[in-house]
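>>> model the structure of this input:
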Amino acid sequence: MANHALRVLGFAYKELGTDSTGFGEEDERDMVFLGLSGMMDPPRPEAIESVRVCNQMKIKCIMITGDHEVTARAVASEIGIYREGDIVLTGHQLEKMSETELEKIVDRVTVYARVSPIDKLKIVKAWKNRGEVVAMTGDGVNDAPALKQADIGIAMGITGTEVTKDAADLVLSDDNFATILKAIERGRWIYDNIKKYLTYLLRCNVTEVVVIGGIVLIKGPDYLPLLSAAILYINLATDGLPALALGIAPPDPDILQRPPRNPKESVFSREVLTFIIMAQLIQTPFFYALFFHDLGNLAVARTEIFFAFILMEMAIAFNFRSLRFSVLEAPPHRWLVLAVLSQVVILAGLIQIPSIRESFGIIMPSFNMLALILGFSAFVFLAMEITKAFFRRRFSQGNERSA
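Below you'll find the predicted structure:
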């Protein structure tokens, strides 16, 4: 029955006289054995699916239980935690091992049976000594030290004691393991969107500083490529709704397939820095060529720079819907499309007003001017997509090697 993941209970009886008023320790001796009963406590279907996804994400799940070794192995095998070749340790075996001995084999142990809650502390320390990030769950008072020692202590909100909840970093209101997976997904989603938002803003603003500041240094303040009102409007149009829309973008398709990132990794990762440097290598020369080509007519040069910044950054906003997937695999979501379209419509309306054009220091753009800018915007858009494909390929190769 234990091999079939049943909790085994033994039953016995003893006849007592009718004048018995209570039960003492001696009444539990010399009893008649009746038999065994197997009690099924099946794992939740969502727990099985969550363990499968965790294995896919290279997050290692460990079972620590007070059940019998055979029962624990059977349940862990059914869930997907235990596999042939893994080690099962009992509390008695764990007690005899030193921390150094446990540390050597802890990565091969997937089931701990007949252990006390205090043994969790020893297990957490062994994993942390190997440099791993450890999350530990618990509900009893004795679990509090292990939760405190873990990088992320997770307490049960329903069955957990107040001491456990106070020691934990996270409290599950439904006591469901699948909720932990949802928290991981949401955390990755938020982190990804912060990177998208930050990369988009830095790429656009650094380019503006390099272009405007560089031209002023070369030609002097009399050849300021954009007036202050135009600069403010560009920042409002590109850093406003489109940037906010990137902050609420849906998650990438592979959000639950990636291995955990290095906690020491900076938000300015290699891909973020590459996108920023690309802008200086590709876009900045185009802006300089555009401005100096029509330097004889400063109003025309300013008009070209003004529309180039806005239209190019609007196109790039679609690229940053995902830092890894193409626009076909991760298409722009509704709010991003509406944000970009609204800014295009507002701009088209504002330039019809002569006083607005005068305050911006621009003129009405010609068809050829807009066609040139849109053509180069498409080129930058394609360059971004190629760069993302390169990063995606390197990422998949890195996953294959680590697997």
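>>> now residue 10: which helix or strand?
Secondary structure assigned from DSSP states H and E places residue 10 in strand 6-13.
>>> buried residues in that strand?
Residues of strand 6-13 classed as buried: residue 6 (neighbour count, 16 or more other CB atoms under 10 Å). To be clear about C-beta, it is placed using only N, CA and C from the backbone, and glycine gets the same treatment.
>>> got it, and stretch 306-320?
Neighbour counts over stretch 306-320 (16+ other CB under 10 Å) mark 306-320 as buried.
>>> next step: those residues restricted to helices.
Mapping the buried residues of stretch 306-320 onto helices (DSSP state H) picks out 306-319.
>>> for residue 2, give its distance to residue 69.
Noted for residue 2: a distance of 8 Å to residue 69, by CB to CB, to the nearest Å.
>>> what of residue 379?
Residue 379 is 64 Å from residue 69, where distance means CB to CB.
>>> compare those two (neighbour count), which wins?
When neighbours are counted by other CB atoms under 10 Å, residue 379 and residue 69 differ, and residue 69 comes out ahead with 19 against 15.
>>> ok, the more buried one touching residue 113?
Yes - between residue 69 and residue 113 there is a contact under CB atoms under 8 Å: 4.1 Å.
>>> wait, which of the buried residues of stretch 306-320 is closest to residue 128?
Nearest to residue 128 out of the buried residues of stretch 306-320 is residue 320 (CB to CB; 36.2 Å).
>>> residue contacts, the closest one?
196, 199, 200, 246 (CB atoms under 8 Å, 6 or more residues apart in numbering).
>>> phi first, then psi, for it.
When read as degrees, to the nearest 10, the backbone of residue 320 gives phi -80, psi 10.
>>> now the strands for the stretch 1-150 of the chain?
With DSSP state E, counting those that start in this stretch, the ranges of strands along the stretch 1-150 of the chain come out as 6-13, 32-40, 63-64, 87-90, 109-113, 135-138.
>>> domain ranges for the chain?
For the chain, the structural domains run 36-180, 191-402, going by automatic domain parsing.
>>> the ones you listed: which one's closest to residue 12?
domain 36-180 (10.6 Å).
>>> what residues are shared contacts of residue 69 and residue 113?
88, 90.
>>> run through the stretch 201-350 of the chain and note the low-pLDDT ranges.
For the stretch 201-350 of the chain, no stretch has pLDDT under 70.
>>> for the chain, longest helix please?
helix 177-219.
>>> and it, what does it pack against?
helix 45-56, strand 135-138, strand 170-172, helix 228-239, helix 241-247, helix 270-278, helix 284-293, helix 298-319 (3 or more CB pairs under 8 Å, 6 or more residues apart in numbering; DSSP states H and E).
>>> quick one: which of the ones you listed is nearest residue 388?
Proximity to residue 388, assessed across the helices and strands packed on helix 177-219 by CB to CB, is greatest for helix 298-319 (7.4 Å).
>>> quick check: angle from the closest one to helix 284-293?
Counting by axes from the mean of the first three to the mean of the last three CA atoms, to 10 degrees, helix 298-319 lies at 160 degrees to helix 284-293.
>>> which elements pack onto helix 298-319?
Using 3+ CB pairs under 8 Å, 6+ apart, helix 298-319 sits against helix 177-219, helix 228-239, helix 241-247, helix 284-293, helix 334-350, helix 367-402.
>>> JSON lines for the ones you listed, including distance to residue 76?
Output for the helices and strands packed on helix 298-319, formatted as JSON lines (distance: least, CB to CB, whole Å):
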{"stretch": "helix 177-219", "distance to residue 76": "13"}
{"stretch": "helix 228-239", "distance to residue 76": "51"}
{"stretch": "helix 241-247", "distance to residue 76": "40"}
{"stretch": "helix 284-293", "distance to residue 76": "57"}
{"stretch": "helix 334-350", "distance to residue 76": "44"}
{"stretch": "helix 367-402", "distance to residue 76": "24"}
